[in-house]
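Enquirer: quick one: sequence and predicted model below, then my questions.
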Amino acid sequence: MVKKIMTGNIAAAWGARLSRTEVIAAYPITPQTIIVEKLAQCVSDGDLTAEYLHVESEHSAMAACIAASQIGARAFTATSSQGLLLMHELLHWASGARTPIVMANVNRALAPPWSVWVEHTDMISQRDTGWIQFYAESNQEVLDTILICYKLCEDKEIQLPAMVGLDAFYLSHTSEIVDIPDQELVDKFLPKYEAQYPIDTENPLSVGSLSMPHQWYPEFRYKIYEAMERVIPRLYQIEEDFYKQFGRRYTGPLELYNTEDAEVVLIISGAAAGTVKETVDILRKNGVKVGAIRLRMFRPFPKEELVKALSNVSFVGVIDRSFSFGHEGAMFSEIKASLYGTKISPPIKNYIVGIGGRDITTDTIKKIFDNCFNCLKNNKIDARVEWVDIKV
């Protein structure tokens with residue numbers, strides 16, 4: 001293994017390269033463009049044997065990946081923000097056709113007004129498309145998760161696509177030390193992709209044809225449901241294999257941080273989880289019993305794991321870096337729903353933070369923890385949803 005200093009975008013490209021991706025569909029968009037530029041260089045230099053397709057839009061990029069996957073090639077693309085939205089139609093097709101595509105998405109706010117900074121609305125808006133969703137905290141995790149995703153998605157019992165989110169600029173353009181695995185070890189961990197039903201001119205078959213209501217359409221959707229139910233158990237197995245091969249351990253869909261005896265826990269996803277954990281350390285030194293949970297996976301949603309993790313917590317704060325207008329943060333909604341009907345029911349409050357890339361500092365997190373404790377002390381939640389650090 002070799003350690004190099006690299007940005008999250010370069011780490012994503014390394015993940016695709018080490019996975020021996022065979023088809024790369026490329027279309028530029030800030031702040032993702034460097035990913036596909038790096039892969040173009042890899043192909044040009046002969047470091048990666050792949051078909052590099054410079055398509056005319058993100059919609060076409062996903063169409064190319066679907067076609068590539070259906071003929072039995074390992075496919076990769078990368079996008080961000082408005083580009084991911086343009087793919088929306090074909091995201092449904094990719095999952096419905098059971099194509100194990102892996103995509104890096106640099107999480108970026110949506111227009112208008114124009115913003116190139118981080119927000120999670122782009123991926124949250126795709127939560128019902130049938131894609132597995134990961135949110136990375138570090139550049140190392142970006143690279144590793146792409147490797148893990150290919151093994152997970154290509155599993156014969158899964159056969160679904162996945163997107164790996166990395167926060168704009170906080171990860172995409174920030175340099176960190178990343179351990180690059182040896183190609184030989186990656187090849188042992190991730191064997192060559194073998195499509196179950198590849199399109200072959202010698203043995204023609206029909207994919208995605210019309211299905212009448214009395215025929216098989218509901219069953220196709222039920223099969224996706226079943227596959228999603230198998231994702232988390234299979235993820236634990238793959239991450240154990242990953243640890244044995246590379247020596248880095250991941251913790252399934254959740255990362256728990258000082259939650260064992262915590263009175264108040266904040267739940268968050270993405271790069272800002274590091275700030276929350278740093279704040280937890282500061283408060284712990286002062287004897288305050290706080291903890292953090294990082295949501296690594298949003299689809300499938302880890303409801304059983306969350307219920308277990310929150311079983312002894314007195315108050316839960318949920319930090320969303322997106323908002324479902326007319327309701328509340330999507331992560332908050334999902335967590336509330338997961339707790340419904342269980343034996344635990346801690347008070348839970350939603351905090352909307354970091355919209356459009358606004359900094360999330362330790363002072364911001366301290367303010368949120370203080371509000372949680374005030375709600376707990378007064379036995380009353382002062383507001384179901386609170387927008388933090390808003391200039392109004």
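Expert: Alright, I've got the coordinates.

Enquirer: quick check: mean pLDDT of stretch 50-62?
Expert: Averaging pLDDT along stretch 50-62 gives 98.

Enquirer: what does that stretch rub up against?
Expert: 21-27, 29, 39-40, 43, 63-64, 68, 73, 77, 79, 83-84, 86-87, 89-91, 93-94, 101 (C-beta atoms under 8 Å, 6 or more residues apart in numbering). To be clear about C-beta, it is placed using only N, CA and C from the backbone, and glycine gets the same treatment.

Enquirer: which parts of the stretch 101-250 of the chain are strands?
Expert: Ranges of strands in the stretch 101-250 of the chain, per DSSP state E, counting those that start in this stretch, are 102-107, 132-135, 162-167, 175-180.

Enquirer: just checking, what packs against the last one?
Expert: The one in question is strand 175-180. On a contact count with 3 or more C-beta pairs under 8 Å, 6 or more residues apart in numbering; DSSP states H and E, strand 175-180 meets strand 2-7, helix 8-18, helix 139-153.

Enquirer: quick one: closest of these to Y351.
Expert: helix 139-153 (23.5 Å; C-beta to C-beta).

Enquirer: ok, the nearest residue to P347 once chain neighbours are set aside to I66 distance?
Expert: Nearest residue to P347, sequence neighbours excluded (C-beta to C-beta, 6 or more residues apart in numbering): F315, at 5.2 Å. Counting by C-beta to C-beta, to the nearest Å, the gap from F315 to I66 is 45 Å.

Enquirer: same thing with T279?
Expert: In terms of C-beta to C-beta, T279 sits 43 Å off from I66.

Enquirer: over to K367?
Expert: As judged by C-beta to C-beta, K367 and I66 stand 45 Å apart.

Enquirer: neighbour-wise, which of those two wins?
Expert: Taking neighbours as other C-beta atoms under 10 Å, K367 and I66 compare with I66 leading, 22 against 16.

Enquirer: list the buried residues for the helix or strand encompassing the more buried one?
Expert: Taking DSSP states H and E as the definition, I66 sits inside helix 58-70. The neighbour-count check on helix 58-70 (16 or more other C-beta atoms under 10 Å) flags 58-70 as buried.

Enquirer: next one: that helix to chain centre, how far?
Expert: 20 Å (C-alpha atoms, centre = their mean, to the nearest Å).

Enquirer: packing partners of the helix or strand just after that helix?
Expert: For helix 58-70, the succeeding helix or strand toward the C-terminus, using DSSP H and E, is strand 75-80. On a contact count with 3+ C-beta pairs under 8 Å, 6+ apart, strand 75-80 meets strand 23-26, helix 33-44, helix 58-70, strand 102-107.

Enquirer: make CSV out of these and add distance to E260.
Expert: Shown next, in CSV, are the helices and strands packed on strand 75-80 (distance: least, C-beta to C-beta, whole Å):
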stretch, distance to E260
strand 23-26, 44
helix 33-44, 38
helix 58-70, 42
strand 102-107, 30
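
Enquirer: separation between the nearest residue to Y243 once chain neighbours are set aside and E58?
Expert: Nearest residue to Y243, sequence neighbours excluded (C-beta to C-beta, 6+ apart): R249, at 4.5 Å. Distance from R249 to E58, counting by C-beta to C-beta: 34 Å.
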